[in-house]
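1. missing the sequence, but the structure's below:
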């Protein structure tokens, strides 16, 4: 499974220059804010029993379906977050925090917190897919990210199970703290308003000098304020 997935990723990278769909997969599906929560969820699944692992995968899929059905409500809730619409409605930070909070308490609470984190991560994945889909609801732009997410979770979980050691739960708590830190930093940076650059300074000295040059008197010519007389001393007629 790992070899086939890596071969598919390599083929996608080779086709990225010519194929827009492959380029979208590399830029969006394999983006760090999308991949890291899925790796964390896979590592958490490797620390629980096989029955809970299957339930977490099922709840992750249900979270994707629930996020797809409730997209309007999720967008309405996250729209009120400052700078939320400009950062994919904070789908990445929410996924980081949900999985990190499930990992940090340790092995005792992990079986209870992990299903909730899987639902939240699935809903955020569904929302991110909708927000980054450049097509008019092409099924490929929906199913490929979902399959990649399940592949990552399964590969990481099976790898953790195959090489599991006694200290893995401690590493899970450390990984959870990292995910929480990344989520807080990423979310905090997203909440910061964008600072627009100040307007360029205007040189008033040049404008005043230019005005003085236009108003100065030229020898042999009347001043700008004085009326120009008609030849022979005749006064200029007044227009009605």
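-> Structure's in. What do you need? Owing to the predicted nature of the structure, the values given are computational and were not obtained by experimental measurement. Numbers count the residues shown, from 1 in each chain.

2. Which residue ranges of this protein form helices?
-> Using DSSP state H, the helices of the chain run over residues 2-15, 20-24, 32-45, 50-69, 71-79, 91-103, 110-132, 140-162, 168-191, 204-215.

3. Can you tell me which of these is most buried?
-> Stretch with highest mean neighbour count among these: helix 91-103 (a mean of 25; mean count of other Cβ atoms under 10 Å). No exception for glycine: its C-beta is placed from N, CA and C like everyone else's.

4. just to revisit the earlier point, as TSV, the helices of the chain with mean pLDDT would be great.
-> TSV is the format used below for these (pLDDT from 0 to 100):
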stretch	mean pLDDT
helix 2-15	63
helix 20-24	81
helix 32-45	92
helix 50-69	93
helix 71-79	82
helix 91-103	92
helix 110-132	92
helix 140-162	91
helix 168-191	88
helix 204-215	56
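
5. so who does the spatially closest residue to residue 146 that is not a sequence neighbour touch?
-> Residue nearest to residue 146 in three dimensions, not counting chain neighbours: residue 64, with 6.2 Å by Cβ to Cβ, 6 or more residues apart in numbering. Contact analysis of residue 64 by Cβ atoms under 8 Å, 6 or more residues apart in numbering lists 122, 123, 125, 126, 146.

6. how about 7 Å then?
-> When contacts are counted by Cβ atoms under 7 Å, 6 or more residues apart in numbering, residue 64 touches 122, 125, 126, 146.

7. Just the closest of those to residue 93, please.
-> Minimum distance to residue 93 across those is 13.5 Å, recorded for residue 125 (Cβ to Cβ).

8. Now do the closest one against residue 173, distance only.
-> Per Cβ to Cβ, to the nearest Å, residue 125 is found 24 Å from residue 173.

9. Can you tell me which of the contacts of residue 64 is nearest residue 60?
-> Residue 60 lies nearest to residue 122 out of these, by Cβ to Cβ, at 4.4 Å.

10. The closest one and residue 40, how far apart?
-> Separation of residue 122 from residue 40 (Cβ to Cβ): 14 Å.

11. go on, residue 62?
-> The gap separating residue 62 from residue 40 is 19 Å, by Cβ to Cβ.

12. Please apply the same query to residue 33.
-> Distance, residue 33 to residue 40, by Cβ to Cβ: 12 Å.

13. before we move on, what about residue 146?
-> Counting by Cβ to Cβ, the gap from residue 146 to residue 40 is 18 Å.

14. Can you give me every residue that contacts the residue lying closest to residue 149 once chain neighbours are set aside?
-> Excluding its sequence neighbours, the residue lying closest to residue 149 (Cβ to Cβ, 6+ apart) is residue 38, at 5.2 Å. Contacts here follow Cβ under 7 Å, 6+ apart; on that basis residue 38 touches 149, 152, 153.

15. and the residue nearest to the last one when sequence neighbours are not counted, what does it touch?
-> Spelled out, it's residue 153. What sits nearest to residue 153 in space, not counting adjacent residues and going by Cβ to Cβ, 6+ apart, is residue 42, at 4.1 Å. For residue 42, the contact set (Cβ under 7 Å, 6+ apart) comprises 152, 153, 155, 156, 157.

16. right, and the second one touches residue 41 too?
-> Yes: Residue 153 sits in contact with residue 41 when judged by Cβ atoms under 7 Å, with a separation of 5.4 Å.

17. Quickly list what's touching both of the two.
-> Common neighbours of residue 153 and residue 41 (criterion: Cβ under 7 Å, 6+ apart): none identified.

18. if I pick the closest residue to residue 66 other than its chain neighbours, what's in contact with it?
-> Nearest-residue entry for residue 66: residue 123, 5.7 Å, with adjacent residues in sequence omitted and distances by Cβ to Cβ, 6+ apart. Residues near residue 123 by Cβ under 7 Å, 6+ apart: 63, 66, 67, 74.
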